[in-house]
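> I'd like to go over a predicted model; first the sequence, then the structure.
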Amino acid sequence: MRALTCCVTVVLLMGVMTAPAAAKRHDGGLTIDKVAFGTVNGQGVDKYTLGNGDMSVSILTYGGIVQAVNVPDRRGHDANVTLGFADIDGYTNAAYIKSNPYFGAIIGRYGNRIAKGRFTLDNTTYSLDINNDPNSLHGGFEGFNVKNWVATPVRTQRSVGVKLTYLSKAGEGCTPSRPSVPPCSTGYPGTVPVTVVYSLDSRDNLRIDYTATTDKPTVLNLTNHAYWNLAGEGSGTIYDQQLQLNADRFTPVDSTLIPTGAIDPVAGTPFDFRGFHSIGERIRGNNQQLVFGRGYDHNWVLNRRPGDTTSLVQAATLRDPASGRVLTFYTDQPGIQFYSGNFLDGTLYGTSGNQYRQGDGLALETQHFPDSPNHANFPSTVVRPGQTYKTTTVLNFSTDRHGHD
């Protein structure tokens with residue numbers, strides 16, 4: 001699929017991703033720590049914390065969840081800027097399962113929605129869990145987000161990380177024990193070994209590398225579903241934070257949030273984030289697409305040079321004028337889903353003990369387009385035996401000394 005050479009990536013990380021000139025506190029070197037984080041279904045869950053003396057990232061073996069990301073503001077004060085929970089019970093309790101926000105998790109086999117839980121590949125039709133009526137979402141009832149991954153710490157001269165592996169067996173995505181109407185019958189074809197590596201370097205880059213193969217033709221669309229609030233999780237809404245997306249077009253959806261197949265310009269719409277706009281500036285406007293999503297829950301088509309389908313491009317920048325924190329995404333994927341936390345309903349209490357309500361965090365999911373298996377004009381998500389699915393996303397954390405209006 002999308003292979004990247006190490007040399008291209010290093011150039012980008014050392015050049016394009018230079019952070020604004022805030023003081024760094026790289027006083028502790030690169031570290032990796034492991035602690036127990038409870039059990040799920042009798043299996044132990046571990047938490048790995050990656051540190052570079054300036055920031056830290058905590059990752060769970062359960063779901064590959066990014067559980068905490070602690071970064072300084074322009075004054076050097078740390079805050080955890082991703083939504084999540086302080087213990088494993090938060091990720092498995094009834095309220096979480098019912099609302100299903102996927103905080104911080106690896107998403108697979110297919111990130112986002114597949115219409116009516118059905119797609120056809122090589123003249124065979126496959127049916128999946130309907131877990132987001134009337135569609136299949138994020139791999140079904142028991143996607144990668146609820147699997148306990150096998151973890152191995154990794155270290156290089158420039159980074160520390162954790163390698164997570166999981167074997168996804170043929171038929172996953174159809175869960176007979178869970179109610180699906182209509183009932184599913186096949187799940188995803190092919191047995192798929194998956195590797196995801198999270199790594200943190202001394203320049204405040206959190207890199208996510210996804211790799212997979214298959215023994216039968218299948219579809220695959222992996223992403224991470226972290227929610228961000230650069231003021232700190234549990235601090236209130238993200239509506240005053242500002243977003244820029246490197247996209248001239250987006251994929252409009254129907255009332256069930258399935259793409260219509262059109263690829264429309266953002267110009268003249270509330271979906272134009274080519275310049276910075278605050279999240280709340282236009283979110284309550286009477287635009288049909290915003291009504292369908294109860295806010296933003298759409299895929300943007302990233303701008304690329306003609307013929308370039310593999311290099312890392314800047315996809316999104318989120319900034320918080322109050323704290324000065326800035327988060328910039330780089331990816332080799334063709335799209336990014338911006339979800340403004342529309343369905344957070346106040347039933348969940350996060351790491352800080354505070355309630356999560358609508359708009360208290362946003363997700364930026366680098367991805368192929370939703371429902372691609374059912375749209376021939378979208379970039380293909382098909383992976384065949386002998387091919388290697390390979391994709392990279394890099395998140396750069398920085399601080400801006402000056403506020404922005």
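Arrived safely. Nothing here was measured: the structure is a model prediction, and the numbers come from that model.

> would you list every one of the helices in the stretch 251-400 of the chain?
Listed in chain order, the helices of the stretch 251-400 of the chain (DSSP state H, counting those that start in this stretch) span 288-293.

> could you point out where it is predicted with low confidence?
Segments of the stretch 251-400 of the chain classed as low confidence (criterion: pLDDT under 70) are not present in this model.

> dump the residue contacts of Gly361.
The neighbours of Gly361, taking C-beta atoms under 8 Å, 6 or more residues apart in numbering as the test, are 82-83, 227-229, 233, 238, 341, 344. C-beta coordinates here come from the backbone N, C-alpha and C atoms, glycine included.

> closest to Pro179 among those residues?
Closest approach between those and Pro179, by C-beta to C-beta: Leu344, at 23.9 Å.

> Can you tell me how far the nearest residue to the closest one once chain neighbours are set aside is from Leu318?
Of all residues not flanking Leu344 in the chain, Tyr356 sits nearest, at 4.8 Å (C-beta to C-beta, 6 or more residues apart in numbering). When distances are taken as C-beta to C-beta, to the nearest Å, Tyr356 and Leu318 turn out to be 18 Å apart.

> Could you do Pro373 as well?
Taking C-beta to C-beta as the measure, Pro373 and Leu318 are separated by 30 Å.

> These two: who's more crowded?
When Pro373 and Leu318 are compared on other C-beta atoms under 10 Å, the one with more neighbours turns out to be Leu318, at 25 against 21.

> buried sites along stretch 217-224?
For stretch 217-224, a neighbour-count test (16 or more other C-beta atoms under 10 Å) marks 218-224 as buried.

> Which one of the residues you listed is nearest to Pro379?
Proximity of the buried residues of stretch 217-224 to Pro379, judged by C-beta to C-beta, is greatest for Asn221, which lies at 10.1 Å.

> Now that we're looking at the closest one, what pLDDT does it have?
The confidence metric pLDDT takes the value 98 at Asn221.

> Among the contacts of Gly361, which lie within strands?
The subset of these located in strands under the criterion DSSP state E comprises 227-228.

> Next, format the contacts of Gly361 as JSON lines and append neighbour count and distance to Leu137.
Putting these into JSON lines (neighbours: other C-beta atoms under 10 Å; distance: C-beta to C-beta, whole Å) gives the following:
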{"residue": "Thr82", "neighbour count": "26", "distance to Leu137": "21"}
{"residue": "Leu83", "neighbour count": "28", "distance to Leu137": "18"}
{"residue": "Tyr227", "neighbour count": "26", "distance to Leu137": "16"}
{"residue": "Trp228", "neighbour count": "22", "distance to Leu137": "20"}
{"residue": "Asn229", "neighbour count": "27", "distance to Leu137": "23"}
{"residue": "Glu233", "neighbour count": "25", "distance to Leu137": "23"}
{"residue": "Ile238", "neighbour count": "24", "distance to Leu137": "22"}
{"residue": "Gly341", "neighbour count": "25", "distance to Leu137": "16"}
{"residue": "Leu344", "neighbour count": "21", "distance to Leu137": "16"}
